[in-house]
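A.B. asks: coords below, sequence missing:
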């Protein structure tokens, strides 16, 4: 069995309904493909997020989807995360770091014109190989070079 979806035309409600109605093996293959995209976005965001002490980068979390919820959650959990992301103070960041450290990689992956067909391809490939969500785990951000070490005050 293969999957054929039109993400752009279905909208989130349509995808949620599709997800609820598909067989478990296809669901696992879909979750794996979606999570793999999340990992790609997560890794790219870790390279772009501005680093001062490293607390913002270290606060990143990637939560995998579950069999009941196909949502992948990628978050930065410092108070100043949104302010830095939107660069409301118009800072100039060094070393290739930038604002929109989360939305830029997201749109590079999901906003690419061929995304939908590649997603379908990967879901079908995952099904053929029996790849599912069983070995997925959440990821965490890396602290920066100036982050406080354990025992530091």
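C.D. replies: Perfect, I can see it now. Given the structure is predicted, the values throughout are model-derived calculations rather than measurements.
A.B. asks: centroid residue for this structure?
C.D. replies: Of all residues in the chain, the one closest to the mean position by C-alpha atoms, centre = their mean is residue 38, 2.5 Å from it.
A.B. asks: show me the contacts for it.
C.D. replies: If you count contacts by C-beta atoms under 8 Å, 6 or more residues apart in numbering, residue 38 has them with 62, 64, 72, 74. Every residue, glycine included, has its C-beta placed from N, CA and C.
A.B. asks: spatially nearest residue to it, not counting backbone neighbours?
C.D. replies: Distances taken as C-beta to C-beta, 6 or more residues apart in numbering put residue 72 closest to residue 38, at 3.8 Å, once the chain neighbours are dropped.
A.B. asks: same deal with residue 67?
C.D. replies: Distances taken as C-beta to C-beta, 6+ apart put residue 27 closest to residue 67, at 6.4 Å, once the chain neighbours are dropped.
A.B. asks: can you name the next helix or strand after the strand or helix carrying that neighbour?
C.D. replies: Assigned by DSSP states H and E, residue 27 belongs to helix 24-48. Downstream of helix 24-48, the next assigned helix or strand under DSSP H and E is helix 55-58.
A.B. asks: now that next one: average pLDDT?
C.D. replies: The average pLDDT for helix 55-58 rounds to 92.
A.B. asks: chain center to that helix, what's the gap?
C.D. replies: When C-alpha coordinates are averaged (C-alpha atoms, centre = their mean, to the nearest Å), helix 55-58 and its chain have centres 16 Å apart.
A.B. asks: so what strands line up beside the helix or strand following it?
C.D. replies: As assigned by DSSP H and E, the chain's next helix or strand after helix 55-58 is strand 60-63. Using DSSP bridges, strand 60-63 pairs in its sheet with strand 73-76 (antiparallel), strand 139-140 (antiparallel).
A.B. asks: let me have those in JSON lines, extended by distance to residue 82.
C.D. replies: Listed next are these as JSON lines, based on distance: least, C-beta to C-beta, whole Å:
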{"stretch": "strand 73-76", "distance to residue 82": "8"}
{"stretch": "strand 139-140", "distance to residue 82": "19"}
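A.B. asks: flag whichever of those has the least confidence on average.
C.D. replies: Mean pLDDT across the strands paired with strand 60-63 is lowest at strand 139-140; the value there is a mean of 84.
A.B. asks: before I go, just wanted to say thanks for your time.
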